[in-house]
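# have a look; sequence and predicted model below, questions after that.
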Amino acid sequence: MVKLTPEMKETFSRIKLFPVATASKKGIPNVAPIAFVVMVDDETLWLADNFMHKTLANVKENPHAAVYIYDADLKKCFQIKGSVEVKTAGPDYEKMKKMVHDKKPGLPAKSLLVMKITEVFECNPGPHAGKKLL
Ligand SMILES: Cc1cc2nc3c(=O)[nH]c(=O)nc-3n(C[C@H](O)[C@H](O)[C@H](O)COP(=O)(O)O)c2cc1C
């Protein structure tokens, strides 16, 4: 596990929509826009599954996932990779469900995807593009 730096956390805090990439066991890629992504600590993201289909199916058979965060004003871009566990019960799931319903009652909050961050890469263009940061 790795810990996001203050610079990465500041960039994360500005993002309204996250492109969440997953892949099936056979390696078929998928990317979906997900708004409800919360940084619960320096090394963990929670993703609320309200309407996921391929994303959910993929992480159930292949836990690897990635998101990128890009802020045009800060000119920062990071690829965040991690491993996902799906929860549909328990205290973390209930906490996520409350967070979702506090924002928008009626959303299904079907499951919680807990993403433990394993790697972070630079994704701005230039001499450091693609460099492993964490
Ligand atoms: C702006 C926006 C925000 C979204 N936020 C979420 C979200 O937080 N959680 C979710 O489950 N689906 C969210 N969706 C819906 C999924 O992206 C959509 O249902 C998608 O079809 C799921 O794709 P999948 O089959 O690849 O999982 C959002 C869609 C848009 C356009």
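Received the coordinates, thanks. Residues are numbered from 1 along each chain as shown.

# quick one, what contacts E43?
Contact analysis of E43 by C-beta atoms under 8 Å, 6 or more residues apart in numbering lists 1-4, 116-117. Every residue, glycine included, has its C-beta placed from N, CA and C.

# for PyMOL, write the select line for the buried members of the residues you listed.
Selecting only the buried entries of those in PyMOL, with 16 or more other C-beta atoms under 10 Å as the criterion:
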select buried, resi 2+4+117
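
# in JSON lines: the contacts of E43, plus secondary structure and pLDDT.
As requested, these are exported to JSON lines (DSSP: H, G, I helix; E, B strand; the rest coil; pLDDT from 0 to 100):
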{"residue": "M1", "secondary structure": "coil", "pLDDT": "81"}
{"residue": "V2", "secondary structure": "coil", "pLDDT": "95"}
{"residue": "K3", "secondary structure": "coil", "pLDDT": "97"}
{"residue": "L4", "secondary structure": "coil", "pLDDT": "98"}
{"residue": "K116", "secondary structure": "strand", "pLDDT": "98"}
{"residue": "I117", "secondary structure": "strand", "pLDDT": "98"}
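
# tell me the one of the contacts of E43 nearest C77?
Comparing those against C77 with C-beta to C-beta places L4 closest, at 13.9 Å.

# which bits of the chain sit near the ligand?
Residues of the chain found near the ligand (C-beta under 6 Å from any ligand atom) are 17, 30, 32-36, 48-55.

# which members of those residues are classed as buried?
30, 32, 34, 36, 48-49, 52, 55.

# inside strands: which ones of the residues you listed?
Judged by DSSP state E, those include 30, 32, 34, 48-49 as members of strands.

# mind putting those residues into a markdown table with distance to V59 and pLDDT?
Converted to a markdown table, those look like this (distance: C-beta to C-beta, whole Å; pLDDT from 0 to 100):
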| residue | distance to V59 | pLDDT |
| --- | --- | --- |
| N30 | 10 | 99 |
| A32 | 11 | 98 |
| I34 | 12 | 98 |
| A48 | 13 | 98 |
| D49 | 9 | 98 |
